[in-house]
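Novice: With the input below, show me the fold.
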Amino acid sequence: MELKTNHAAPVLTDPPSISKSRLGLHSSLLPYSQQGASFSSGKYINIPRKKPGKLDDVRSNGWLDAMKSSSPPRKKLNKDFNIEVASDDVDNAYCSWMLKHPSALNSFERITNFARNKKIAIFLDYDGTLSPIVDDPDRAIMSNAMRSAVRNVAKHFPTAIISGRSRDKVYDLVGLTELYYAGSHGMDIMGPVTNTDSNDHPNCVKSTDQQGKEVNLFQPAREFIPMINEVFRTLVENTKGIKGAKVENHKFCASVHYRNVDEKNWSTIAQIVHDILKDYPRLRLTHGRKVLEVRPVIDWNKGKAVEFLLESLGLNGRDDVLPIYIGDDRTDEDAFKFLKKKKKRGYGILVSPGPKETSAFYSLKDPSEVMEFLKSLVRWKEEEEEAN
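Specialist: Below you'll find the model as predicted:
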């Protein structure tokens, strides 16, 4: 594995291509047979250009409804933090919703009382959690104050970023070597090497960074990279005539952003994605906040990524560990559900300016509250250490 540096900080690049036999992909990770759409790193599938089908396709399968549901009610701008906040017409519903998902700040004493004598592990989404949601994903920059808060948290607790973005991209945005990074919704993880079972996982590749530190690189969907590249190129070509559409390649998934697209054209975007996926039975669609994401059909998500990192850290299945996951999007729900299944051994915290269905236990309104929560954790830990 080669090592690149960015601002004098180590960044791992991918190892040479690995055969499927070396990866040892489990059948549970590949629900479809190998006889689906074939692909290789050397040859590309010629996808016939086709006109969008009937829009009834995307209406009947619920895509349009899902796209609209990812668009919150009317918004107003909080200029202090450049973030969107809920309008007055949802305040009452939000207060009622918070009875079920109380503020993590208002409940901070309760959280720390439960955390006493436990080892806390922190997992964070990036967009909408550490950075504001903005029209251009490339401009979703976390503030220096937030970066300092995350750095200080990592001094006291194992901390990981789990993002839908590519691992390299989210590392460039965060720029902290103290953290562990999982990109593409957990399908690309750079984690620690410890004496645990996770290090023997067939999809792990051990490597060493420039400082001599051994690390694990885990990529359960590595064989899908050529396929994702093909779909990405086709999406770019087929959406180039739609004003405001933006397509991103996150290595193990491709995203189509429609935040800046006129709503009357959303059905066209949905139909384009729908028609392309007809040729790829081993890829599926997921919905995020004003984004359609094409991902491999494997049994892997952010919840699995949390479990894998906890195992790598030697913390999974222990009664004296408190995992905390903070995120704002639908893809974070898999992590919330995983922590919920741990019988109150972990807390999911949803970042949302308005009520929405969630498996999270607590809530925070926006990134500014996330930053305050992280700072409060550091202060509490430092006071606890001084007392001891």
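
Novice: Low-confidence bits of the protein, can you list those?
Specialist: For the chain, applying pLDDT under 70 flags the ranges 1-56, 58-61, 69-90, 194-202, 207-213, 342-344.

Novice: Got the domain ranges for it?
Specialist: Structurally, the chain divides into domains by the TED database as follows: 88-220+300-387, 224-296.

Novice: Tell me which of those domains lies nearest to residue 62.
Specialist: The minimum distance between residue 62 and those falls on domain 224-296, with 9.5 Å, by CB to CB. Just so you know, the C-beta spots here come from the backbone N, C-alpha and C atoms, and that holds for glycine as well.

Novice: coming back round to it: switch the domains of the chain over to JSON lines; also include mean neighbour count and distance to residue 68.
Specialist: As requested, the domains of the chain are exported to JSON lines (neighbours: other CB atoms under 10 Å; distance: least, CB to CB, whole Å):
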{"stretch": "domain 88-220+300-387", "mean neighbour count": "19", "distance to residue 68": "13"}
{"stretch": "domain 224-296", "mean neighbour count": "19", "distance to residue 68": "8"}
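
Novice: Now render those domains as TSV, adding distance to residue 65.
Specialist: Formatted as TSV, the entries for those read as follows, by distance: least, CB to CB, whole Å:
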stretch	distance to residue 65
domain 88-220+300-387	14
domain 224-296	10
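
Novice: what's the closest of the ones you listed to residue 67?
Specialist: domain 224-296 (5.4 Å).

Novice: Show the contacting residues for the spatially most central residue of the chain.
Specialist: Central residue of the chain (CA atoms, centre = their mean): residue 163, 2.8 Å from the mean position. Shown here is residue 163, whose contacts under the criterion CB atoms under 8 Å, 6 or more residues apart in numbering are 125, 126, 127, 170, 181, 182, 183, 185.

Novice: gap between residue 170 and residue 132?
Specialist: From residue 170 over to residue 132 the distance is 15 Å, taken as CB to CB, to the nearest Å.

Novice: re earlier: got the phi and psi for the residue nearest to the centre of the chain?
Specialist: Dihedral pair for residue 163: phi -130, psi 160, per degrees, to the nearest 10.

Novice: With adjacent residues omitted, what lies nearest to residue 128?
Specialist: Counting by CB to CB, 6 or more residues apart in numbering, residue 328 is the residue found nearest to residue 128 once chain neighbours are left out, at 3.7 Å.

Novice: you'd agree that neighbour is up against residue 350?
Specialist: Yes - with contact taken as CB atoms under 8 Å, residue 328 and residue 350 are classed as touching, separated by 6.7 Å.

Novice: about what we covered before: mind picking the one among the contacts of residue 163 that's closest to residue 279?
Specialist: Sorting these by how near they are to residue 279, with CB to CB, puts residue 185 at the top with 22.4 Å.

Novice: dump the residue contacts of that closest one.
Specialist: Counted by CB under 8 Å, 6+ apart, residue 185 has contacts 162, 163, 164, 252, 253, 293, 295, 300, 301, 302, 305, 331.

Novice: Let's see which of those residues end up in helices.
Specialist: Taking DSSP state H, the ones among the contacts of residue 185 that sit in helices are 302, 305.

Novice: Rebuild the contacts of residue 185 as a markdown table, extending it with distance to residue 190.
Specialist: Converted to a markdown table, the contacts of residue 185 look like this (distance: CB to CB, whole Å):
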| residue | distance to residue 190 |
| --- | --- |
| 162 | 11 |
| 163 | 12 |
| 164 | 16 |
| 252 | 14 |
| 253 | 17 |
| 293 | 21 |
| 295 | 19 |
| 300 | 16 |
| 301 | 18 |
| 302 | 15 |
| 305 | 11 |
| 331 | 19 |
